[in-house]
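Visitor: sequence and computational prediction follow.
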Amino acid sequence: MHPLARVSTLLLSLTVLTVLVAVLLTPLPALAKRSAKKTSLPVAAEILMDAGSGTVLQGRNADTLTYPASLTKMMTLMLTFEALERGSLRLDQSLVVSQHAASMPPSRLWLAPGSTITVEQAILALVTRSANDVAVVLGEALGGSETAFAAKMTARAHALGMRRTVFRNASGLPDRLQRTTARDMAILSRALIRGHARHYAYFQRRSFDWQGDTVYGHNRLMARYPGMDGIKTGYIAASGFNLAASAVRDGRRLIAVVMGGHSANSRDDRVADLLDAGFKRPTSPARPAPVQPDLLITRNSASIAQRSTAVSVGAPAVKPSAAKSTGGPWSIQVGAFASHAAAQSSARATAKSLGALAAGTSPAVVRSGGLYKARLTGFAATKADAACTALKTAGKGCFALQDR
C-alpha cells in the first residue's frame, strides 16, 4: 500500500473512533431530555368537595387538563339515567350489540355482534367491569352513533358547568382530544348524586351475575372505606390511575377526585386521606346548615308531570330525637304537589326506595292550602329520623312530624 494511502486510512479510523467515543460519553440525562419531549407524565390532580353545598375544601391542579379515562362512563351513565327517567329507555329493554361495539378493546364483557344486553345489565357492567363494549352499546342506543353520542355528552357536560371537558367517545378509551379536569369530574359526581338519587345506588354494586359467571368490579377502596358508596375508577397510560369517590359520615357527604395516580393503591390511599381530612374538618357553627325544604320529586320523579307539579315548602326544624314527646306514631313528609296523583306517586316511590326502613308504614296524602303533601305514616320516632337521614343523604328532601 502506498504510504499516503496508509496515512489516509489511519486518519479515517481515528475520526470514526473519536465520534464513537463522543456518542458513548454523551450524558444519559441529555438523551433522556430528548426523549422526554415526545412523552409526558400523567397530570397529578385532586379535589375535595362538600356534596351538599358544592364548596371545594381543598384541591391541587384541579383545573389542569388531563384525560378522564373510564371516568368518562360516569357521563354515559348519567345520560342513561336521564333516558330512563324520561321513559325513552326501560331497565328491561334489550339493546343490540353492533360490530363497532363488539370491536372495543378491554376492559370488556366480550359481547358478540348481534347479541343483546338489557339496559340494567349494561349499567351494572359499566359500574363494575367498566366494560368498553357495553359503553358503546349504550352510546349508540342513545345517540344513534358513538360520535353523535359523544357530542351529546359534551353538551350535557357544559350545561352542568364542566367548562373544560370534551368527550370524544362513550368509554374513555384513548383520544388526545378527550380532556377534562378534576374539578369537572367532581361537578359530574355531585350531579349524579343529587340529580339521580334513584339510580345512584347502582354505583354501590361491586359485582353482578352475567351468563352464569360473577363479574367483579375494580373499585377496591369501596370495600375498605366506611361509608363509601361509589363512584368510578379509570385508567389509561396518558391519565394514570383515576378515581372519583363519594362517602357519607354522620349525615355529611363528601366527594374526592384523584387523577394521575402512579398505581391503583397509591391512588386509593390518597382518596382515603382526602376523605379523612374532610370529615375531620368541623362545620362552621356560625353558619348552621339551612333547613331542607320538603321538595322531593323534581328531577327524580318518574314522569314530567310529577316534576312540573312539585312545590317547595319550608320544613320545620324539629327532629324526632329532639322532640320532648317520644310517643308515636310519626310520619315523614317527602314532598308537596299541586295534584293528588303526583303526591300519591311520590309517597309510594319513596316507600319503595326506603325498603326495610319503611316496613310497616303506609303512603298518605294530606291536603293543605291547595297543596297535596306526600307522606309516609306509621314510623316510630327513631325510624322516622333514620328514614329522613337516608333520604337527605341521597339528595332528597324530608322532614319528620309527630301525628296528632
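Guide: Perfect, thanks for sending it. Bear in mind that the values here come from a model prediction, so they are computed numbers and not experimental data.
Visitor: what about the residue lying closest to A170 once chain neighbours are set aside, helix or strand, and which?
Guide: In space, and not counting its chain neighbours, A170 is closest to G139: 3.3 Å by Cβ to Cβ, 6 or more residues apart in numbering. Any C-beta I mention is one placed from the backbone N, CA and C, and that applies to glycine too. Taking DSSP states H and E as the definition, G139 sits inside helix 132-143.
Visitor: can you give me the strands in the stretch 301-404 of the chain?
Guide: 310-311, 330-337, 362-368, 371-379, 399-402 (DSSP state E, counting those that start in this stretch).
Visitor: adding distance to G54, mean pLDDT and mean neighbour count, write the ones you listed out as a markdown table.
Guide: Shown next, in a markdown table, are these (distance: least, Cβ to Cβ, whole Å; pLDDT from 0 to 100; neighbours: other Cβ atoms under 10 Å):
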| stretch | distance to G54 | mean pLDDT | mean neighbour count |
| --- | --- | --- | --- |
| strand 310-311 | 22 | 40 | 21 |
| strand 330-337 | 23 | 82 | 27 |
| strand 362-368 | 32 | 85 | 14 |
| strand 371-379 | 27 | 85 | 22 |
| strand 399-402 | 22 | 78 | 21 |
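Visitor: next, format those strands as JSON lines and append distance to K392.
Guide: Shown next, in JSON lines, are the strands of the stretch 301-404 of the chain (distance: least, Cβ to Cβ, whole Å):
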{"stretch": "strand 310-311", "distance to K392": "17"}
{"stretch": "strand 330-337", "distance to K392": "11"}
{"stretch": "strand 362-368", "distance to K392": "19"}
{"stretch": "strand 371-379", "distance to K392": "15"}
{"stretch": "strand 399-402", "distance to K392": "9"}
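Visitor: to A356, which of these lies closest?
Guide: Proximity to A356, assessed across these by Cβ to Cβ, is greatest for strand 371-379 (12.6 Å).
Visitor: and that closest one, how far out from the chain's middle?
Guide: 31 Å (Cα atoms, centre = their mean, to the nearest Å).
Visitor: that strand vs strand 362-368, what angle?
Guide: In terms of direction (axes from the mean of the first three to the mean of the last three Cα atoms, to 10 degrees), strand 371-379 departs from strand 362-368 by 140 degrees.
Visitor: show me what strand 371-379 is packed against.
Guide: Judged by 3 or more Cβ pairs under 8 Å, 6 or more residues apart in numbering; DSSP states H and E, the packing partners of strand 371-379 are strand 330-337, helix 340-354, strand 362-368.
Visitor: how about those in a markdown table, adding distance to I47?
Guide: Shown next, in a markdown table, are the helices and strands packed on strand 371-379 (distance: least, Cβ to Cβ, whole Å):
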| stretch | distance to I47 |
| --- | --- |
| strand 330-337 | 32 |
| helix 340-354 | 29 |
| strand 362-368 | 40 |
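Visitor: show me this protein divided up by domain.
Guide: 45-280, 304-402 (automatic domain parsing).
Visitor: rank those domains by mean pLDDT and give me the bottom one.
Guide: Among the domains of the chain, domain 304-402 has the lowest mean pLDDT, at a mean of 72.
Visitor: which residues of the stretch 201-350 of the chain fall in helices?
Guide: 221-224, 264-280, 304-309, 340-354 (DSSP state H, counting those that start in this stretch).
Visitor: contact partners of the shortest one?
Guide: Contacts to helix 221-224, defined as Cβ atoms under 8 Å, 6 or more residues apart in numbering, come from residues 204, 206, 228-230, 243, 245, 268, 271-272.
Visitor: next, the buried residues of it.
Guide: Within helix 221-224, the residues scored as buried using 16 or more other Cβ atoms under 10 Å are 221-222.
Visitor: again with the longest one
Guide: Within helix 264-280, the residues that qualify as buried are 264, 267-268, 270-272, 274-275, 278, counting by 16+ other Cβ under 10 Å.
Visitor: go on, stretch 226-243?
Guide: 227-236, 238-243.
Visitor: what's the most distant pair in those?
Guide: G227 and A238 (31.7 Å).
Visitor: what would the helices of the stretch 201-350 of the chain look like in TSV with distance to A384?
Guide: Formatted as TSV, the helices of the stretch 201-350 of the chain follow (distance: least, Cβ to Cβ, whole Å):
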stretch	distance to A384
helix 221-224	29
helix 264-280	26
helix 304-309	24
helix 340-354	11
